[in-house]
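[1] the following comprises the amino acid sequence and a computationally predicted model.
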Amino acid sequence: MAVVAIANILKSSLGPVGLDKMLVDELGDMTVTNDGATILKNLEVEHPAAKVLVELSNLQDQEVSTTKTSSTAAPAHSMAALWFVSFSCVSHSAASLVHASAAIVQVGDGTTSVVIFAAELLKQANELVKSGVHPTLVIAGLNWAKREACKFIANTMSSKVEDLGVECILNAARTSMSSKIIGGESAFFAKLAVDAVSAVRTINNKGKVKYPIKAINILKAHGKSLKESQLVNGYALNCTRAAQGMPTFVKNAKIALLDIDLRKMKLALGVQVMVSDPSKLADIRKRETDVTKERIELLLNAGANVVLTTQGIDDVSGNKQDTLQLRLHCSWLCGEVAHVFLCFPFFLFVLQTMLKYFVERGVIAVRRCNKSDLKAIAKCTGGQLLLSLGDLEGNESVDASVLGEAEVVEEGKVGDGELLFIKGCKNSKAQSIILRGANDYMLDEVDRSLHDSLCVVKRVLESKVRQIKDFAVQGALFFRVVGQTLTSFCFVVLFSSPSFQSVVPGGGAVEVALSVYMEHMADTMGSREQLAVACFAQSLLVIPKTLAVNGAYDATELVAQMRSRHHAAQTSKDHPEYRWSGLNLEDGAVRDNLKAGVLEPAISKVKMIRFATEAAVTILRIDDAIKMNPAERPGGPGGNGY
């Protein structure tokens, strides 16, 4: 019941016409969103089974360590790199190959559908258990259905990106935005997302093409409309120069990234200095200032012309003589000593002793930067984030190799404030997206929506699925007869099955096609696992039904039309285009979603089915819940242990 309650919360937010949720915490802070992971993160879920769904949604949304799926998905326990060959004992089954290699895959979309499907799968499986079917048989049937479903997506429902052209990447980005607040401006933001991801293309040490999403920095600024958002070639930092006397433009920048305090040195907590001679007190204070000056000199002598630190840079006033000279100079300019304080801001940088060194050397110094930003800049520019200037000899030094490199560092005005742009980074081409909007609630939701779209584009460009043809079955039989090693057989099938970038039609097309296919497979099975496979097929229909209900259409009629078309596509060759049939929620009809441009990454559907099935199996394996009560401590009448 708790799992179904969680799914019911999210159902109304699924699809392009889904509704938003307003979440208010105990402090009164409000969040308006229809993102499934964001909704579940803000819910205080206490039920253990419901917590599994919350973690499932987070798994789909975060950058997680998962397995790269070839034609089928790895079982729940195979999270490390392994080769897995399963031979089914039923007569109709084929040997399936799973190549699971540990990888980092950016997953940001499909958080709502994965929870809804997992809840429906648990609901249907629970009915089977109540009717007398053993949970072990249900689990075996669900795992078999999961593998066959992933294989069907790779072999039948996938379309190559190279065949559809570059336009399919834009269509996939627009599809992910259709259910978001930026759905009305999906064409503009889709191009923005594709341009940003394409610009950060890199090749790693293994020769593989990667599109790191972390190289894209998203900043938010109040004012103007959504279409005034812009893509900036470079990493934008939401900080400004520490003093107005510093330059606004530095070419061939050498960037020092510090997690060090450049303020006046302070002794550690609890350390005291006993002064016996009061005349030495001034020398102690001077030495505290000189330590920071020496650190600044080390940075500047190493060649740094841009200094970024997560902590402060001291604004220490000069001595009395410097202050008097400044006061007389101001009096000469203004004509009256009484007006000296009006001119004081123009000479503020003279009194800032620490910043004075940077100003005189023409260096940009920025203080109180976010540590996460500096880590990203270090990765882009090839620098290192310095936690200390100490070396192995016990002294302090700065090597020029730890400095990041960029072509240009400049300060620019955006909205009511200024941003620092780092362009032409050494290691990667960093990009920044500056979002414009009316208020914080809108900007936060646009940020989440754009992140999902960036992840979709990344998966279309990076992720590949592998088709397993009939020769894989022959190879498996040959393996069993001849007795070759498992590794040799796997490499034969691997090199015989090319992988490619692929997309699948959206609008419930994949779920209905899988439902029809799995029902047919269940009818041909001769074991009790067919009940679990039929349960799996029935659970898949919850996605198109929910989409139709949220669009205020008759779900029964639309799903029946889709099932009729997909059945015709799978049983005859007269209408092969029917396999792309999905929902059109604008007109309440069934259409060819491949031709309409409603596309999703194939790997997204594979992971949704895999994650949801594994979550359902995890809960089905539990036959009893034991809650440990806290230990009772003996206490007397006063409760103080006596």
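    Structure received.
[2] just the buried residues of the longest helix along the chain, please?
    Counting residues, the longest helix found in the chain (DSSP state H) is helix 440-462. Buried positions in helix 440-462, judged by neighbour count with 16 or more other C-beta atoms under 10 Å: 442-446, 448-462. (Glycine included, C-beta is placed from N, CA and C.)
[3] now do stretch 257-274
    Buried positions in stretch 257-274, judged by neighbour count with 16+ other C-beta under 10 Å: 257-265.
[4] with those in mind, which one is nearest to residue 570?
    residue 257 (57.3 Å; C-beta to C-beta).
[5] the closest one touches residue 376, doesn't it?
    No - if you go by C-beta atoms under 8 Å, residue 257 and residue 376 don't touch, sitting 10.2 Å apart.
[6] quick one: contacts of stretch 294-307?
    250, 253-256, 258, 260, 262, 354, 357-358, 361-366, 389, 396-400, 403, 409 (C-beta atoms under 8 Å, 6 or more residues apart in numbering).
[7] cutoff 6 Å now
    Residues outside stretch 294-307 that contact it (C-beta atoms under 6 Å, 6 or more residues apart in numbering): 250, 253-256, 357, 361, 363-365, 389, 398, 400, 403, 409.
[8] of those, which belong to helices?
    Counting by DSSP H, the members of the contacts of stretch 294-307 that fall within helices are residue 357.
[9] nearest to residue 539, of the contacts of stretch 294-307?
    Comparing these against residue 539 with C-beta to C-beta picks out residue 255 as the nearest, at 52.9 Å.
[10] burial count for the closest one?
    Burial of residue 255 is recorded as 26 neighbouring residues (other C-beta atoms under 10 Å).
[11] any weak-confidence spans in the stretch 501-642 of the chain?
    For the stretch 501-642 of the chain, the stretches flagged by pLDDT under 70 are 633-642.
[12] show me where it has its helices.
    Secondary structure of the stretch 501-642 of the chain by DSSP state H, counting those that start in this stretch: the helices cover 509-523, 529-540, 542-550, 555-571, 593-596, 602-620.
[13] which residues does residue 308 contact?
    Listed by C-beta under 6 Å, 6+ apart, the contact set of residue 308 reads 257, 366, 369, 374.
[14] at 7 Å what do you get?
    Shown in contact with residue 308 (C-beta atoms under 7 Å, 6 or more residues apart in numbering): 255, 257-258, 366, 369, 374.
[15] again, but for residue 609
    146, 149-150.
[16] redo that, cut-off 8 Å
    When contacts are counted by C-beta under 8 Å, 6+ apart, residue 609 is found next to 73, 117, 146, 149-150, 153, 514.
[17] list buried residues within the contacts of stretch 294-307.
    In terms of neighbour count (16+ other C-beta under 10 Å), the buried residues within the contacts of stretch 294-307 are 250, 253-256, 357, 363-365, 389, 398, 403, 409.
[18] out of these, which comes closest to residue 538?
    Looking at the buried ones among the contacts of stretch 294-307 and their distance to residue 538, the nearest is residue 255, at 57.9 Å (C-beta to C-beta).
[19] ok, the residue lying closest to the closest one once chain neighbours are set aside - contacts?
    Counting by C-beta to C-beta, 6 or more residues apart in numbering, residue 255 lies nearest to residue 404, which is 3.9 Å off, once chain neighbours are set aside. Residues in contact with residue 404 (C-beta under 8 Å, 6+ apart) are 253-257, 377-378, 380-383, 425-426.
[20] mind redoing it with 10 Å?
    In this structure, residue 404 makes contact with 253-257, 304, 306, 308, 374, 377-385, 422, 425-427, judged by C-beta atoms under 10 Å, 6 or more residues apart in numbering.
[21] just the buried ones from these?
    For the contacts of residue 404, a burial check counting by 16+ other C-beta under 10 Å picks out 253-257, 304, 306, 308, 374, 377-383, 385, 422, 425.
[22] which residue ranges form the helices in the stretch 51-200 of the chain?
    For the stretch 51-200 of the chain, the helices identified by DSSP H, counting those that start in this stretch occupy 111-130, 135-152, 161-164, 167-177, 186-199, in order along the chain.
[23] so how far is the shortest one from its chain's centroid?
    Averaging C-alpha positions (C-alpha atoms, centre = their mean, to the nearest Å) puts helix 161-164 26 Å from its chain's average.
[24] same check, this time on the first one
    Averaging C-alpha positions (C-alpha atoms, centre = their mean) puts helix 111-130 26 Å from its chain's average.
[25] swap in the fourth one?
    Helix 167-177 sits 18 Å away from the centroid of its parent chain (C-alpha atoms, centre = their mean).
[26] tell me where the stretch 251-400 of the chain has strands.
    Taking DSSP state E, counting those that start in this stretch as the criterion, the stretch 251-400 of the chain carries its strands at 306-309, 364-366, 385-386.
[27] so what strands line up beside the first one?
    When you say that, I think you mean strand 306-309. According to DSSP bridges, strand 306-309 forms sheet pairs with strand 249-258 (parallel), strand 364-366 (parallel).
[28] okay, helices next: where are they in the stretch 301-450 of the chain?
    Listed in chain order (using DSSP H, counting those that start in this stretch), the helices of the stretch 301-450 of the chain are 320-334, 340-343, 348-351, 353-360, 371-381, 440-462.
[29] what packs against the fifth one?
    I take that to be helix 371-381. If contacts are counted by 3 or more C-beta pairs under 10 Å, 6 or more residues apart in numbering; DSSP states H and E, helix 371-381 sits against strand 216-222, strand 235-237, strand 249-258, strand 306-309, strand 385-386, strand 404-414, strand 417-425.
[30] no further queries at this time; thank you.
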